[in-house]
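In: what shape does this take:
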Amino acid sequence: ATGDSGFCYCVPESFKLMAFSSYIGSFTQATSTGNQAVTGVGFQPKALIFFSSLDAFLINKNDALSCFGVAVSSTKRWANCFHSDWGQTGNSSKGGFVTNKCIAGVLRFSSAVYVDADFVSMDADGFTVNNTTVDTTGSVIYFVALGGTDISVDVGSFTISGTGNKATTGVGFLPQMVLFSSVGNGVTGYFGAIENCIGGMTSTNQFVLGQMAQNALNPSNSKSIQLSTAVINNEWTAGTEDKAAYVSLDADGFTINCSANVNTPEVGYFAIKGAQFNIGKFNESTSLGNQAVTGVGFQPSLVMFLSQSKAASTSVQDTLNLMIGAAMSSSSRAVFDVEDTDNVNPSQGQNSKSATLCLEHIQATAVSNTPVLLEASDFVSMDSDGFTINASTVNVTGFEDAYIAIAQNAAVGDRILQRMMLMGVG
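Out: Sure, this is the predicted structure:
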């Protein structure tokens, strides 16, 4: 390696401490309760992001199920979930947000737990979860693991009460990025409707995806929204119930501005620093082949994708959609997508997942286990100012996607050099 001073040096193995590490993987939740160790990560994580459509197989399935959770320790974790059915007269739609689990799923009929798991520990080569409710078929769970010597993380929650600025403290450091999750019913737990959202912010950009579906309604009433001007947005039939946007990242936390507040919702946060972060958006190409996305500002190590599977808009859109994907390379990627169709009877909630794509968008149908694939893209490469994807199926809409790009901090090599020089190595 070469430092800023221009001379070459060799880095001993003992100094090869990774400032930032990331990994994309999956595991099948055990079909019996108790601890389950997940290995093969290659390092001890400091944070985990879980995402899943909570089905056993990598195929298209009935019902729109979603789980998005985070964990940094056995006491700091949360999970957001929803479930809307297929083929029912008077659809069944349930949602939930819990701060005592890292993986959660809710049953569409009763608001009871479908699957869930608490977090136990970060291990040398992975992590351990405690499966507290399981399905007999075993749900496939995707995860992103983040670690490294530079990384600091915190997970917590707060409530929104009233409008105006809301400062959250106690994080323990000045974050570079914060992710959020919320439900609009004002309590934690599982309840009889979908009113969920997932958002995020850096000092320069923000995004939020909101999902809404009424329970026991004929025909169905399901909506979604995607914005780059807010981090929290809970929608209901009368309009926006809760909304908040970025104000600042602070020495011990962050501040958001609440412009709407109805139900005093509990909001989960995941704060992180110690790498390069960028939040952005792009419209997918309507032509087959490679598409380069630029403007990230660095070469990412990891990119996550989130979308409501629709063209760019600032308005609430008919039909609930949510896609979450992640990629590190052309051989390391995963994605799931769900749709709950608006204004139909019987209900049409379906999902799809893939470990060979980074983006996909489906359209739910009245045919059992057979959603239509509208768009599909694999990952090609991390580039100096962004990344490249390759579309194998395209749609004339040109869906808008939000992305989260992360990379190791610059000048890590020079910090290693300085350490070597102080210790007389070189």
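In: per-residue pLDDT, the closest residue in space to Thr314 that isn't next to it in sequence?
Out: In this structure, Thr314 finds its nearest non-sequential neighbour in Leu227, 6.3 Å apart by CB to CB, 6 or more residues apart in numbering. No exception for glycine: its C-beta is placed from N, CA and C like everyone else's. Confidence per residue is given as pLDDT, and for Leu227 that number is 98.
In: tell me the contacts of Phe76?
Out: For residue 76 the amino acid is Lys, not Phe. Residues touching Lys76, when contacts are defined by CB atoms under 8 Å, 6 or more residues apart in numbering, comprise Asp154, Val155, Gly156.
In: tell me the most packed of those, by neighbour count.
Out: Among the contacts of Lys76, Val155 has the most neighbours (other CB atoms under 10 Å), with 24 neighbours.
In: hey, what's that one bridged with?
Out: Partner residues in beta bridges with Val155: Phe270, with DSSP bridges as the criterion.
In: returning to that earlier point: pick out whichever of the contacts of Lys76 sits closest to Lys101.
Out: Minimum separation from Lys101 among the contacts of Lys76 (CB to CB) is found for Val155, which lies at 12.1 Å.
In: the closest one reaches Ala71, doesn't it?
Out: Yes. With contact defined as CB atoms under 8 Å, Val155 and Ala71 form a contacting pair (6.9 Å).
In: which residues are common contacts for the two?
Out: Common neighbours of Val155 and Ala71, counting by CB under 8 Å, 6+ apart, are Ala47, Arg77.
In: quick one: Ser26 and Phe143 touch, right?
Out: Yes. At 6.9 Å, Ser26 and Phe143 qualify as touching, with contact defined as CB under 8 Å.
In: who has more neighbours, the two?
Out: Neighbour count, other CB under 10 Å: between Ser26 and Phe143, Phe143 has more, with 26 against 16.
In: residues contacting Gly192?
Out: In this structure, Gly192 makes contact with Ser93, Lys94, Ser111, Asn215, Ala216, judged by CB under 8 Å, 6+ apart.
In: quick one: it from Val316, how far?
Out: In this structure, Gly192 lies at 21 Å from Val316, with CB to CB, to the nearest Å as the measure.
In: how about Val38?
Out: As it turns out, when the distance is counted by CB to CB, Val38 lies 38 Å from Val316.
In: now Phe43
Out: Applying CB to CB, one obtains 42 Å for the distance of Phe43 from Val316.
In: that older thread, who's more crowded, Val38 and Val316?
Out: Applying other CB under 10 Å to Val38 and Val316 shows that Val38 carries more neighbours, namely 20 against 15.
In: residues touching that one, list them.
Out: Neighbour list for Val38: Gly25, Phe27, Gly126, Phe127, Thr128, Val129, Phe143 [criterion: CB under 8 Å, 6+ apart].
In: can you add secondary structure, pLDDT and distance to Ile232 and give those residues back as a markdown table?
Out: Written out in a markdown table, the entries for the contacts of Val38 read as follows (DSSP: H, G, I helix; E, B strand; the rest coil; pLDDT from 0 to 100; distance: CB to CB, whole Å):
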| residue | secondary structure | pLDDT | distance to Ile232 |
| --- | --- | --- | --- |
| Gly25 | strand | 98 | 29 |
| Phe27 | strand | 96 | 30 |
| Gly126 | strand | 98 | 32 |
| Phe127 | strand | 98 | 28 |
| Thr128 | strand | 98 | 31 |
| Val129 | strand | 98 | 27 |
| Phe143 | strand | 98 | 24 |
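In: now do the strands in the stretch 1-150 of the chain.
Out: Listed in chain order, the strands of the stretch 1-150 of the chain (DSSP state E, counting those that start in this stretch) span residues 21-28, 34-38, 47-52, 61-62, 64-71, 77-84, 93-98, 103-106, 113-123, 126-133, 140-147.
In: adding distance to Ala244, write those strands out as CSV.
Out: Conversion of those to CSV gives the following (distance: least, CB to CB, whole Å):
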stretch, distance to Ala244
strand 21-28, 28
strand 34-38, 34
strand 47-52, 21
strand 61-62, 34
strand 64-71, 18
strand 77-84, 16
strand 93-98, 15
strand 103-106, 23
strand 113-123, 26
strand 126-133, 30
strand 140-147, 24
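In: to Asp337, which of the ones you listed lies closest?
Out: The closest approach between Asp337 and any of the strands of the stretch 1-150 of the chain, judged by CB to CB, belongs to strand 64-71 at 9.4 Å.
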